[in-house]
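Colleague: 3D, please:
(2 chains)
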There are 2 protein chains.
Amino acid sequence: MAALRSTLKTFYWVPFVRDLPSKRTYVNVHVRDMNRTFAIGVDFGTNSVRAVVADCLGGHLVGTSVFDYPSGDQGIVLEPGNPHLARQNPADYLDGLRASVAGALAAADETAGFSRDRIVGIGVDTTGSTPLPVDEHNRPLALQPRWRDHLAAHAWLWKDHTSAGEAAAITATAATHAPFLLQPIGGTYSSEWFWAKIWRCLNVAPDVFDAAASWVELADFVPAVLGGVDSPRDILRCVCAAGHKAMYSDAWGGLPPHDFLARLHPKLAALRARLYDRAYPADRPAGRLSPEWAGAFSLRVGIPIAMGGFDAHYGAVGAGVKPGTLVKIIGTSTCDCAVAPAAVGPRDIPGICGIVNGSIVPGMFGIEAGQSAVGDLLRWWVDTVCHGDDALHARLSDEAARVWPGESGLLALDWNNGNRTILVDPRLTGLLVGQTLHTSRSDAYRALIEATAFGARAIVERLQEYGVAIDRIACCGGIAEKNTLFMQIYADVLGHPMQIAGSPQTPALGAAISAAVAAGAAAGGYDTFEDAQARMTSVLPNAFVPDPTRHAIYDELYGMYRELHDAFGGRVSAFGGCGTLMKRLLALRDRVVADRSTRGAELAGA
Amino acid sequence: MAALRSTLKTFYWVPFVRDLPSKRTYVNVHVRDMNRTFAIGVDFGTNSVRAVVADCLGGHLVGTSVFDYPSGDQGIVLEPGNPHLARQNPADYLDGLRASVAGALAAADETAGFSRDRIVGIGVDTTGSTPLPVDEHNRPLALQPRWRDHLAAHAWLWKDHTSAGEAAAITATAATHAPFLLQPIGGTYSSEWFWAKIWRCLNVAPDVFDAAASWVELADFVPAVLGGVDSPRDILRCVCAAGHKAMYSDAWGGLPPHDFLARLHPKLAALRARLYDRAYPADRPAGRLSPEWAGAFSLRVGIPIAMGGFDAHYGAVGAGVKPGTLVKIIGTSTCDCAVAPAAVGPRDIPGICGIVNGSIVPGMFGIEAGQSAVGDLLRWWVDTVCHGDDALHARLSDEAARVWPGESGLLALDWNNGNRTILVDPRLTGLLVGQTLHTSRSDAYRALIEATAFGARAIVERLQEYGVAIDRIACCGGIAEKNTLFMQIYADVLGHPMQIAGSPQTPALGAAISAAVAAGAAAGGYDTFEDAQARMTSVLPNAFVPDPTRHAIYDELYGMYRELHDAFGGRVSAFGGCGTLMKRLLALRDRVVADRSTRGAELAGA
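Modeller: Below is the predicted model:
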């Protein structure tokens, strides 16, 4: 175990420019007294946990505190020689919960009009799927001396990819015996998800599996801890994690059927009974703050704890997701979140692999789409190809900004990390066409940005084709907040203004909003997410607006992007050859690598 | 005019490893006396002129001297703001001829057994098409004070691209009125060629055009100078330049018909009569050394001057081209030369745009193919993308040598500078497919080398398909001599040993061989090119030999290369969309650039 290293960063409230709520929004808001109330949002990210105290009236953050996970490498526990393994120490979660909330409250204490008894609720978002094994008292196994040094007993971080074999076997078994399970997830179960990880644990660390009373997603674990829930059976599970990662659906009565799990492993089938029968949207609290935690924070006992959720979903809430508003969280990858009223919402959109009733806000279908590499694609170009740094990012952006759409003659596919939506194919690869001997690194940089924008447009068009209204696009995440060239290209390619969320902490704000809703209007909160979002979320005043000339050029380029997309994505029979070419290259690569490792030194040389 | 700068480098003979002539070759060689004879070869390159004195018995170079052209930028006279213009000062040619031959002879004087009266002939090769305007006494116009500073009166270097418009008009006019003219040149007349350049001169500098008594290719000009020819009408023109660059063919009685030229411009039609009626293969001397030049060099008056030729063709001669032997001259681009006996030789091979009777060696069809960017493709990657230098070339080569065929998952098209053979389309562009977030710069470097090797294989297969025997491949040029990774990949991709020419100066050696043949056996030379080549050319003992395992993998990759090649090259109807995509990207680019320059500052900004 890496040496403990504890860091606590505390920020004070800085006001930022925000739009006034629109007229329509005002009408929908309850008339509320002038006694200000506040809600806590706690955001468990990949490397740190961040707590905020948000003003329920305007969504301002009156206290923020970040706690960097002390274990492992930036909070990620690694195993030398196994690049696929990524675990987290559950102790970091508890330490981080305690320190970050205490820090945010201490910061809020400095604010006029704030007092801790005005906190009406607490909400939590986390990465996911990040399941951890717990004992019969809901305590992480990894906290017990016996399991402390056993990586399988830790939390299996979302980006742990050790269970690729198990995921493939789940996909294959479902394809044969329960194809209905695959339909909502685009046909492929991921190694990043719940069942694959637990099965992997069973395969490589059966003692850990046997010692676990149950497994719980981090998004459900933290609210249960705050509520003092002392048995896994009593944890309320969020439909967000259940529906998107654990193949939970009302359509087949909850988790995958016992018979299906038994085909994977009898012990997985047996585990089913120790998990949960129902999962819930955030239309009810996950619990009430326990006396212990209330005492630790000097908060009122029994204030509601909102149902947990994934960071992307609560980020969408914090960025103002609602029917008609698409939220794009743009960072190393992109997650697109939309909601559609359950009454009219789509049950199935080809190539959109996450549509779950109630997963983002209650009463709506939560629709999740995404692109596997966005910032990562630019980082690949700058870091790996150009051997540059942040300064080079800035320089290439400056140079690329002077190039007009179409002027470089380049066109790229944004698939260096596969295509999550709308082709749902992690084995696709990148493509760049149009190079001459004069093509510069900034030309390629711009082409890669444009490729991700074309991919984004393909997603928006697919959603619209299937009746999901999109009349507003709000963006958040590191790239959205920092990279003006990137956002202008997106506006020009999509032909749609790109708004930027007013808060730089949308996941934590979303969790706070959920807490305010869990409190209810009578307790100083809100009746509905829509009401809370109307008051607590905002966008920056200056959206990126499409330039009509550039948009017209991008319409043409997008047409050509779609030709390549459909040809190499294998969706057009006329391009049959190209449609399998990327896969055949990968198959050849895999064979060469296998042959080479078999033959070893015999073949060494040029 | 740039200040004169004169540099003279003299090298002494260094013996190098060479194969013994094969048995069969010995049998064909005339029994010759032990009096050694020597021939001079003079190679007019892009930046310098190199003279060699070669031993006629073994081809050893007993004296070498290089003269760097003093004018302009490394011998190329440029015009600020016009990147397409590339001219040369004819004075450099004359100064260079004098200095380099004198230097080579001075070096040879040091060699035991050499004396200047044993020189039996002199041969010349040059770049081309490099025409220059001359007066009625065969003197370059640019030497006259009136025209000295007029760039149109200089030599129009092969890579001058100012006449793109004229070339396109020649192509269009021929397509409509004389399609037979286009058939041997692959359908497109190039801006690098004779008529386009002269017409350009007429359009932009009519006074220069009017002052010119005639125009002459550098390859014909230098032998005429050495021979003291004082009228353009008396210059013997080589079929090499005439057939490959000036649309000369026996099929239509010489240069393009008067009527066709009149459609371009009446003055071009009038010029036709001041050019030549016949062009000749190297089966006769171009002339005899004049007393003036013989005196200058202390050589015998009247020794034969071989017919001039292009550097690539004489390079092929110096590398041993003959029926069954393909010579690849691999540098920034690649030129492939083959010959086929005229009696059975092909008259037309689709996609091979240069097949000229007698152009490389007399009595054979000279077949010229090529790839527009080879070394330039690697230089683009290292210089322009990676911002590296020669050391990075070496490092990427080392890294790429550790990667197995197929292991990177990458596949590229080598068309960053268009495709000269077999698609004959200068407007095609590059493509790279298979990138992941882990793709390294050396992976791409190797993929680009492989792409050029696949392009080379496509050429070889096309020649073989149409009956051109290829049972030996001999390589020369900068890359062939230096880059072992590159050559091993070529051997593995082509499935054929890659021999390296024994002489590092194959063009100059080829010119010397031509001189030895021009002298004839009776004068101490040879009766035929084959005899001379058998004695005077060699290959290095260690050829690059294909590895069967790697070749099998490359067979698969080559199949996929051909899919992309045929799809994006537009030769397969099933891939109709992709087949025009590169062109549509370029058309869009051209429109954007034109629009942008029209609108100017109005549209400035990101």
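
Colleague: Just give me the neighbour total for A:Lys583.
Modeller: When neighbours are counted by other Cβ atoms under 10 Å in any protein chain shown, A:Lys583 registers 15. The C-beta positions use only the backbone N, C-alpha and C, and glycine is treated the same way.

Colleague: And for A:Leu586?
Modeller: Around A:Leu586 there are 17 other residues, counting by other Cβ under 10 Å.

Colleague: Let me know the angle separating the helix or strand where it lies from helix B:576-599.
Modeller: Using DSSP states H and E, the secondary-structure element containing A:Leu586 is helix A:576-599. Orientation of helix A:576-599 against helix B:576-599 (axes from the mean of the first three to the mean of the last three Cα atoms, to 10 degrees) gives an angle of 100 degrees.

Colleague: just the CA coordinates of helix A:576-599, formatted as CSV?
Modeller: Provided in CSV are the C-alpha atoms of helix A:576-599 (Å, rounded to 0.1, in the frame of the first residue of the first chain):
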residue,chain,number,x,y,z
GLY,A,576,-18.1,-3.7,-47.7
GLY,A,577,-14.4,-3.8,-48.1
CYS,A,578,-13.6,-0.7,-46.2
GLY,A,579,-16.3,-1.6,-43.7
THR,A,580,-14.2,-4.4,-42.3
LEU,A,581,-10.8,-3.1,-43.0
MET,A,582,-10.1,-1.6,-39.6
LYS,A,583,-11.1,-4.9,-38.0
ARG,A,584,-8.9,-6.9,-40.3
LEU,A,585,-6.0,-4.7,-39.5
LEU,A,586,-6.6,-5.3,-35.8
ALA,A,587,-7.0,-9.0,-36.3
LEU,A,588,-3.7,-9.1,-38.2
ARG,A,589,-2.1,-7.1,-35.4
ASP,A,590,-3.3,-9.4,-32.7
ARG,A,591,-2.1,-12.4,-34.7
VAL,A,592,1.4,-10.9,-35.2
VAL,A,593,1.7,-9.9,-31.6
ALA,A,594,0.6,-13.4,-30.5
ASP,A,595,3.0,-15.1,-33.0
ARG,A,596,5.8,-12.9,-32.0
SER,A,597,5.4,-13.6,-28.3
THR,A,598,5.2,-17.3,-29.1
ARG,A,599,8.3,-17.3,-31.1
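
Colleague: just how off-centre is that helix within its chain?
Modeller: What separates the centre of helix A:576-599 from the centre of its chain is 31 Å, taken as Cα atoms, centre = their mean, to the nearest Å.

Colleague: Stretch A:149-163 now?
Modeller: Counting by Cα atoms, centre = their mean, stretch A:149-163 comes out at 18 Å from the chain centroid.

Colleague: on that earlier part again, and the helix holding A:Leu586, what other elements does it pack with?
Modeller: helix A:548-568, strand B:430-435, helix B:548-568 (3 or more Cβ pairs under 8 Å, 6 or more residues apart in numbering or on different chains; DSSP states H and E).

Colleague: Quick one: mean pLDDT for the second one?
Modeller: Along strand B:430-435, the predicted confidence averages to a pLDDT of 96.

Colleague: picking that back up, which of the helices and strands packed on helix A:576-599 sits closest to A:Ala444?
Modeller: Smallest distance to A:Ala444 across the helices and strands packed on helix A:576-599 (Cβ to Cβ): 9.9 Å, for strand B:430-435.

Colleague: Which SSE is immediately downstream of the closest one?
Modeller: helix B:441-465.

Colleague: Go ahead and produce CSV holding the CA coordinates of the helix or strand just after that following helix.
Modeller: Along the chain past helix B:441-465, the next helix or strand (assigned with DSSP H and E) turns out to be strand B:470-476. Below are the C-alpha coordinates for strand B:470-476, written out as CSV (Å, rounded to 0.1, in the frame of the first residue of the first chain):
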residue,chain,number,x,y,z
ILE,B,470,11.6,-8.4,-63.8
ASP,B,471,13.9,-11.0,-62.3
ARG,B,472,16.3,-8.6,-60.6
ILE,B,473,15.9,-5.3,-58.8
ALA,B,474,18.9,-3.0,-58.4
CYS,B,475,18.5,0.1,-56.3
CYS,B,476,20.5,3.3,-56.1
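
Colleague: and the helix or strand just after strand B:470-476, how far out from the chain's middle?
Modeller: Scanning forward in sequence from strand B:470-476 by DSSP H and E, the next helix or strand is helix B:478-482. Put simply, helix B:478-482 sits 16 Å off its chain's centre (Cα atoms, centre = their mean).

Colleague: Please apply the same query to stretch A:202-216.
Modeller: 26 Å.

Colleague: Only the buried residues of it, if you could.
Modeller: For stretch A:202-216, the neighbour count (16 or more other Cβ atoms under 10 Å in any protein chain shown) marks A:202, A:205, A:208-209, A:211-216 as buried.

Colleague: picking up where we left off before, right, and the helices and strands packed on helix A:576-599 - which one's nearest B:Gly418?
Modeller: Nearest of these to B:Gly418, taken as Cβ to Cβ: strand B:430-435 at 9.8 Å.

Colleague: Parallel or antiparallel, list what pairs with that closest one.
Modeller: Here strand B:430-435 is paired, per DSSP bridges, with strand A:430-435 (antiparallel), strand B:411-413 (antiparallel).

Colleague: quick revisit: can you state the direction angle for the helix holding A:Leu586 and helix A:548-568?
Modeller: Using the same axes, to 10 degrees: helix A:576-599 against helix A:548-568 is 60 degrees.

Colleague: quick one: average pLDDT of helix A:576-599?
Modeller: Mean pLDDT, helix A:576-599: 79.

Colleague: so what's A:Gly186 up against?
Modeller: Applying Cβ atoms under 8 Å, 6 or more residues apart in numbering or on different chains to A:Gly186 gives the contacts A:351-353, A:424.

Colleague: low-scoring stretches of chain A, by residue?
Modeller: A:1-34, A:343-347, A:571-579, A:600-606 (pLDDT under 70).

Colleague: which SSE is the residue of the stretch 201-350 of chain A found nearest chain B in?
Modeller: Across the stretch 201-350 of chain A, the shortest distance to chain B (Cβ to the nearest Cβ) belongs to A:Thr332, at 9.8 Å. Per DSSP H and E: A:Thr332 is located in neither a helix nor a strand.

Colleague: Could you measure from it over to B:His161?
Modeller: Distance, A:Thr332 to B:His161, using Cβ to Cβ, to the nearest Å: 44 Å.

Colleague: Many thanks, we can stop here.
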